[in-house]
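Undergrad: the sequence isn't on hand, but the structure is:
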C-alpha cells in the first residue's frame with residue numbers, strides 16, 4: 001500500500017483509495033492521470049479484487065500499451081501484447097475498438113458475425129465506399145468518397161440506421177445518395193464477412209442491448225471499469241460503457257472537458273459534463289497539479305481556456321518554476337515563418353536539445369509542405385506524423401494474403417493480391433470469380449485461378465501450424481513476393497522501379513516479420529487474430545518512431561496525448577487558428593468553443609518552451625491571403641510573451657519595439673498591410 005501511494009499528491013491518493021461506486025477524475029493536462037489510473041488498478045488488486053475483474057479502456061494502442069506496461073510493472077508480471085483475452089489475475093487493458101473486436105470474436109456469432117471476419121482499415125473501407133457510390137449511380141467526383149465515409153462513420157457512432165442516415169445532412173440530393181450508398185456498403189461488408197472500425201463498437205452495443213444474458217455475462221466478469229479520456233467518447237462508446245457498468249456502477253472515468261477536441265467525429269462533451277446525472281452519487285476529484293510544463297506555459301493556457309463556458313472549472317499549477325516566456329513571431333509569409341522555425345530549431349539543437357524533443361504543430365495538414373521544404377534544405381531531420389508503415393503497398397499485400405486465406409469471401413483482399421505477382425487475371429475474370437462462375441472460365445485461366453486459391457488454402461492450413469512471424473515469412477516466400485522484390489521477376493508498375501525501390505520494399509515486408517514476432521507467444525490462431533486486429537486498428541501515434549531522432553511535424557489534433565520539451569505552433573492567424581468555420585454563429589456553443597480547447601491542447605504539449613508564429617500573407621489553395629493575428633494571442637498577458645524578430649538570436653532584446661513591429665493593420669489608402 002505504501003509503495004502504491006508513494007509520490008502521489010492528495011488528489012491522486014484520494015482517487016486511488018476510492019474503490020466502490022462511480023468516480024469522475026477531472027485531470028488537467030500533464031496532471032498524472034495515467035499514474036493515478038494505474039495505481040488505482042494496482043490498489044484494487046492489492047485489496048483483493050481479482051485482476052481479471054478489472055477493465056481499463058482508452059483510445060489508442062499507444063496509450064493502452066503505456067497503461068498496460070505500468071500496471072504489469074506494479075503487479076510484477078510481464079504484459080501481454082495487444083488487446084487480448086482475460087487472463088487469471090490480470091486486468092484487461094486495451095482500446096475501445098480492441099474491446100469491441102474481442103467481444104465480437106467471443107460472442108459475435110450470435111448475431112451472424114463469424115470469428116474470422118475481416119477488420120477493414122480506413123483505406124479498405126474507402127474502396128468499398130467508392131464501389132458503392134458507383135453502384136448507386138453517383139459520380140465520386142461530385143460526392144467525395146472521404147466525405148461519404150466520414151458521414152457514415154459518424155452515423156454509426158451515433159447508433160444510426162439505414163432509415164435515419166439521410167437526415168445527417170440538409171442537402172437533399174446528398175441525403176438520397178447516402179441512403180443508397182449506405183445500404184450497398186453494408187451489403188458489401190456483410191457478403192465479404194467484413195467489419196469496418198465503427199462496426200466493432202456499433203455491432204457490439206447492439207449485441208449487448210439485444211442479448212441481456214451476454215450483457216450480464218460481461219458486466220459480471222468486469223466488476224471495476226476504468227475509462228481514460230472520457231471527454232472524447234461518442235454515443236456508441238458512451239452506451240458501451242454504460243452497458244458494461246451493470247448494476248454495481250463501479251466505474252471510474254478520467255477526463256478533461258478542456259481537451260474535448262473531436263466533436264467532428266462524434267465526441268460529445270456532454271458525456272463528461274453530465275456524468276453526475278448519469279451516475280447519481282458520483283464522487284468528483286480534481287487533479288490540477290501539472291508535472292509537465294512550466295508555470296508561464298500553464299498561466300497562458302489557463303487564460304486561454306478561462307473564456308470557455310462549457311467546462312469543469314479548474315486551474316492548472318506546477319512546482320516546476322516559471323520557466324521561459326512564450327515567444328511570438330510575426331512573419332511576412334509562410335516561407336518566412338518556416339525559416340524562423342528552422343532557425344530557432346537550429347539554435348535549440350546547438351544548445352544541446354535533441355531533434356526528437358521538438359515538435360512543430362499546425363492547424364491543418366497543408367501547412368506542413370513549406371515547413372518540410374525548409375527543414376530539408378536546412379539539413380534538420382524530421383518525421384511527419386501520419387505516414388503509416390501498414391499503409392505501404394507491399395505491406396498491405398502481405399497482410400491481404402493472410403486475411404484472404406482466413407476469409408476467402410473477402411473480395412477486397414482477393415482483388416488486391418490476385419495479380420501480386422502478376423498472373424494475367426483480368427477484371428472480367430475477377431467478376432466471374434466473385435459471381436461463382438469459375439467453371440465458365442477458359443481452361444488456361446481457370447488453372448491460374450485454381451493455383452491462386454490453392455496458395456490461399458496452403459496459407460490457411462499453415463495458420464494453425466506456424467507462429468505468426470513464421471507464417472508471415474512463409475507468405476512472403478510462398479506467394480512469390482520475396483522473389484518479385486528481389487529482382488527475380490520483372491517489376492510491375494504497382495511496385496515501381498527496380499533496384500533501390502524494391503530493396504526498400506523488401507526491407508519493409510521483412511520488417512513485418514519482426515513485428516509479428518511480438519505475437520509468437522500466443523497460441524497459433526490467437527496470435528494471428530490479435531496481430532490482424534492490431535494492424536487494422538493502428539493509429540497515427542502508434543506509428544511514431546520513438547527512437548528516430550527527428551523533429552516531429554503534426555497537426556494539433558494528432559499531438560493530443562503527446563508531450564515535448566519544445567513546441568512550435570505555427571499559423572496563429574484569424575480564420576486559420578481559430579478556423580473560419582469555428583466562428584460560425586449558427587454552430588452550437590460547444591463547437592465554437594472547441595477551437596479554443598484545441599489551442600489549449602497545443603500549449604500544454606510543451607514542457608519547457610512554446611514558440612507561436614503567424615504570417616501576414618499566406619497562400620491557401622492557390623490564393624494569397626492577407627491575415628491578422630489570431631484572437632488567441634491577445635488573450636495571453638503581454639507579461640508572459642517575448643515578441644521575437646529576425647534580428648534576435650535569443651528572443652526579443654527590445655520588447656516594446658518588437659511588440660510594435662508584430663502588430664498589423666490594413667492601410668486602406670495604399671491597399672496594403674502595415675506594422676503599427
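TA: Here it is on my side, so go on. None of the values given here were measured: they were computed from a predicted structure.

Undergrad: those helices in the stretch 501-650 of the chain, which residues are they?
TA: Counting by DSSP state H, counting those that start in this stretch, the stretch 501-650 of the chain forms helices over residues 524-536, 556-559, 589-603, 631-634, given from the N-terminal end onward.

Undergrad: ok, the closest residue to residue 29 other than its chain neighbours to residue 520 distance?
TA: What sits nearest to residue 29 in space, not counting adjacent residues and going by C-beta to C-beta, 6 or more residues apart in numbering, is residue 604, at 3.6 Å. Backbone N, C-alpha and C define where each C-beta goes, glycine included. Applying C-beta to C-beta, to the nearest Å, one obtains 39 Å for the distance of residue 604 from residue 520.

Undergrad: who's more crowded, the two?
TA: When neighbours are counted by other C-beta atoms under 10 Å, residue 604 and residue 520 differ, and residue 604 comes out ahead with 30 against 16.

Undergrad: test my guess that the more buried one contacts residue 302.
TA: No - with contact taken as C-beta atoms under 8 Å, residue 604 and residue 302 are classed as non-touching, separated by 9.9 Å.

Undergrad: list residues touching both of the two?
TA: Applying C-beta atoms under 8 Å, 6 or more residues apart in numbering, one finds that residue 604 and residue 302 are jointly contacted by residue 316.

Undergrad: just the pLDDT at residue 221, thanks.
TA: pLDDT for residue 221: 92.

Undergrad: for it, grab the count of nearby residues.
TA: Considering only other C-beta under 10 Å, residue 221 is surrounded by 15 other residues.

Undergrad: now swap in residue 267 and tell me
TA: Under the neighbour criterion other C-beta under 10 Å, residue 267 is assigned a count of 25.

Undergrad: where does the spatially closest residue to it that is not a sequence neighbour land on pLDDT?
TA: With sequence-adjacent residues excluded and distances taken as C-beta to C-beta, 6+ apart, residue 267 is closest to residue 232, at 4.7 Å. pLDDT for residue 232: 93.

Undergrad: thought residue 242 was touching residue 253?
TA: No - because the distance of 11.1 Å does not satisfy C-beta under 8 Å, residue 242 is recorded as not touching residue 253.

Undergrad: ok, the two, which is more surrounded?
TA: Neighbour totals were compared for residue 242 and residue 253, and residue 253 leads with 27 against 17 (other C-beta under 10 Å).

Undergrad: ends of stretch 107-116, how far apart?
TA: Between the opening and closing residues of stretch 107-116 we find a distance of 12 Å, counting by C-alpha to C-alpha, to the nearest Å.

Undergrad: likewise for stretch 191-204?
TA: The first-to-last residue distance of stretch 191-204 comes to 19 Å (C-alpha to C-alpha).

Undergrad: against residue 337, how distant is residue 617?
TA: With the distance defined as C-beta to C-beta, residue 617 ends up 10 Å from residue 337.

Undergrad: wait, residue 254
TA: In terms of C-beta to C-beta, residue 254 sits 36 Å off from residue 337.

Undergrad: closest one to residue 28 among the helices of the stretch 501-650 of the chain?
TA: Evaluated with C-beta to C-beta, the helices of the stretch 501-650 of the chain place helix 589-603 nearest to residue 28, the distance being 9.8 Å.
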